[in-house]
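One predicted model, sequence on top.
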Amino acid sequence: MPTKLIPEPKLIFEKSRPGRIGCNIPVCDTPNLDLEATIGPVRQDLKFPEVGELDLLRHFTNLSQINYGIETGFYPLGSCTMKYNPKVNEVTARYPGFANLHPLQPTSTIPGALELLYGVQTILQEVTGFSHITLQPLAGAHGEMTCLMLIKAYHDNRGDTARKVVLVPDSAHGTNPASAARCGYDVKSIPTDRDGNTDIAALEKALEGDNGKAVAALMLTNPSTLGLFEPNIERICQMVHEVGGQVFCDGANMNAMVGTTRPGDHGFDCMHLNLHKTFSTPHGGGGPGCGAIGLQAHLAPYQPVPVVRQENDTVITDYQRPLSIGRVSAFYGQFLMEVRAYTYLMAFGREYMADISRYAVLNANYVRARLKDVLPPAHNRPCMHECILTAERYKKEFGVRALDISKRLIDYGFHPPTNYFPLIVPECLMIEPTETETKETLDEFCDAMIAICREAETTPQVLKDAPSTSVVGRLDETLAVKQLDVKYSAAV
Ligand SMILES: *Cc1c(COP(=O)(O)O)cnc(C)c1O
């Protein structure tokens, strides 16, 4: 049990003392410059902190130390794939030849950048099994929406305009129904059966007769958010195709499949990939991401412009696409994310790519096996890249919820797993260890989880009061969403 005590926010932030100065501003050597006349009067109402240089340095160093990230510890946030992003990705993204490019430069001056984009596309084609890749979407949800826009364009172009429904399993990520609704579709939920698979009988019903004629697409996550591979995937795709619908794969997390199996071979028409999850570009905090999409050839005519493709051994940007849905973002997407992803993909190469999925799946099953006696898995079969456990027993017997277990984990020095998602598993804990963690780390984490479950039985209040060693205690989560306040302000 760590006992690190972190001072009150007041002691962390209120360092200012009148008259203290942390820098020496050189004397102005421009003769006759009236600063105030040039830039206006200094605003006296702004209360800048007055601190010495050492105070300032310690302040920021200490802040960095009370922050938690993948570089300080294990971060098993399920569905988010918080794997370690190798530092070499940052080195290449900072090469001046990439970092200093301007998106409006004439394409004749950026052949290297275009080659790189084409290179990422080519490798992702091979990894996903789709014949076309677009890198423009800026996030996973954006990739989903782009796929649905392409599906809509495909149906409309064939004069098949009566399709108004998108089917979404009840285990899906919230962005799925949101993307469908954003594209003007009605969302119909498909239940999950007892084994954690798509309920085939319910799907049959949703595709029957007139129902089927209204279905534009099915959005399916595979492996599902239950961490399970859908065994009926080929049959499901076939069922939807038979009634004229399209099948989209939510491939935000491809960690269980990279180098091992390909959604393009399973019958899907399109998919999105989060390069900021599986392909190791940084994410979180709303930063730049990339929701690359993969398409089968029949959807390719509708691709966003510019299409980056090869012509006579040269990579070009093609805008002459009469059926294109247009742009979905400015320029070419998040170019430096592609540089990072390219570095990552090339570092593994074809030979080692499958190690990613092998170790991701192995690690998740190891955690699942070590915790099964205290936190039973929601389904009784091996998991893929993440394991979904339930803390229902502790709620029933001791009034301790999954959230309390997660908060207590912070006291043990770990970032909590995802809680209460997927929604269909009661008191759900979704753990995604990723392939980049060692057995020692996984063991420390499992030991902590087992110790916490024991505490839940003997001293449940400790869990309900957690976290007790962090800067911020238990937040009112509803209020925190409605009145987001992420800065410290001194009490006046
Ligand atoms: C993360 C995630 C998304 C959404 O990706 P964003 O980049 O956050 O928009 C969609 N589906 C699944 C399964 C995810 O895990």
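Nice, thanks for sending it over.

What's the separation between the closest residue to the ligand within the stretch 251-400 of the chain and Ile233?
Here the stretch 251-400 of the chain gets closest to the ligand at one residue, Ala252, 3.3 Å apart by CB to the nearest ligand atom. Just so you know, the C-beta spots here come from the backbone N, C-alpha and C atoms, and that holds for glycine as well. Ala252 sits 17 Å away from Ile233, going by CB to CB, to the nearest Å.

So between those two, which is more surrounded?
Ala252 (27 against 22; other CB atoms under 10 Å).

quick one, what contacts the residue in the stretch 51-200 of the chain that the ligand sits nearest to?
Using CB to the nearest ligand atom, the closest approach of the stretch 51-200 of the chain to the ligand is made by Gly140 at 2.2 Å. Residues in contact with Gly140, defined by CB atoms under 8 Å, 6 or more residues apart in numbering, are 175, 250, 252, 272, 274, 276-277, 289, 291.

Go again with 10 Å.
Neighbouring residues of Gly140 by CB atoms under 10 Å, 6 or more residues apart in numbering: 173, 175, 179, 250-253, 272-277, 283, 289-292.

same thing with Ala347?
Here Ala347 is in contact with 86, 88-89, 92, 280 (criterion: CB under 10 Å, 6+ apart).

of those residues, closest to Val127?
Set against Val127, the nearest of those by CB to CB is Ser280 (13.2 Å).

of the contacts of Ala347, buried ones?
89, 92, 280 (16 or more other CB atoms under 10 Å).

want to try JSON lines for those, with distance to Pro49 and secondary structure as columns?
Output for the buried ones among the contacts of Ala347, formatted as JSON lines (distance: CB to CB, whole Å; DSSP: H, G, I helix; E, B strand; the rest coil):
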{"residue": "Asn89", "distance to Pro49": "35", "secondary structure": "helix"}
{"residue": "Thr92", "distance to Pro49": "37", "secondary structure": "helix"}
{"residue": "Ser280", "distance to Pro49": "37", "secondary structure": "coil"}
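
Where is pLDDT lowest across the residues you listed?
Least confident of the buried ones among the contacts of Ala347 in the model: Ser280, at 92.

That one reaches Lys83, doesn't it?
Yes. Between Ser280 and Lys83 there is a contact under CB atoms under 10 Å: 6.2 Å.

joint contacts of those two?
With CB under 10 Å, 6+ apart as the test, Ser280 and Lys83 both reach 356, 436.

Number of residues surrounding Asp55?
For Asp55, the count of nearby residues is 15 (other CB under 10 Å).

Just the buried residues of the helix or strand hosting it, please?
Assigned by DSSP states H and E, Asp55 belongs to helix 53-66. By neighbour count with 16+ other CB under 10 Å, helix 53-66 contains no buried residues.

What helices and strands are in contact with that helix?
helix 9-13 (3 or more CB pairs under 10 Å, 6 or more residues apart in numbering; DSSP states H and E).

starting at the chain centroid, how far to the helix it packs on?
Its chain's C-alpha centre lies 32 Å from the corresponding centre of helix 9-13 when counted by CA atoms, centre = their mean, to the nearest Å.

Show me what that helix is packed against.
helix 53-66.

Tell me, please, where in this structure the pLDDT is lower than the cut-off.
Counting by pLDDT under 70, the chain contains low-confidence ranges at 1-7, 284-287, 490-492.

Enumerate the residues of it near the ligand.
Within the chain, the positions near the ligand by CB under 6 Å from any ligand atom are 79, 139-141, 173, 175, 221, 225, 250, 252-253, 274, 289, 291.

Could you point out which of those is nearest to Ile123?
For the residues of the chain next to the ligand, the closest approach to Ile123 (CB to CB) belongs to Asn274, at 15.8 Å.

how about the residue nearest to the spatial centre of the chain, secondary structure?
Centroid-nearest residue in the chain: Cys80, 4.4 Å away (criterion: CA atoms, centre = their mean). Secondary structure, DSSP: H, G, I helix; E, B strand; the rest coil: Cys80 is coil.

Might you report the residue contacts of it?
With contact set as CB under 10 Å, 6+ apart, Cys80 has these partners: 252-253, 274, 276-277, 283-284, 386, 417-418, 430, 432, 434.

For Phe13, state which of those is nearest.
Once CB to CB is applied, the member of these that ends up nearest Phe13 is Gly284, at 23.4 Å.

care to break the protein down by domain?
Domain ranges of the chain: 1-84+387-431+436-492, 87-347, per automatic domain parsing.

Show me which of these has the highest average neighbour count.
Among the domains of the chain, domain 87-347 has the highest mean neighbour count (mean count of other CB atoms under 10 Å), at a mean of 19.

Please state the offset of that one from the chain centre?
Mean-position distance between domain 87-347 and its chain equals 14 Å (CA atoms, centre = their mean).

And stretch 377-392, by the same measure?
Per CA atoms, centre = their mean, the centroid offset for stretch 377-392 relative to its chain is 20 Å.

Quick check: end-to-end length of it?
Using CA to CA, to the nearest Å, one end of stretch 377-392 lies 11 Å from the other.

where does Ala162 fall, helix, sheet strand or coil?
State at Ala162, reduced to three classes by three-state DSSP: coil.

which residues does it contact?
155, 210, 213-214, 216.

and the contacts of Gly140, which of them are in helices?
Among these, the ones falling in helices (DSSP state H) are 175, 179.

Right, I'll call it a day here.
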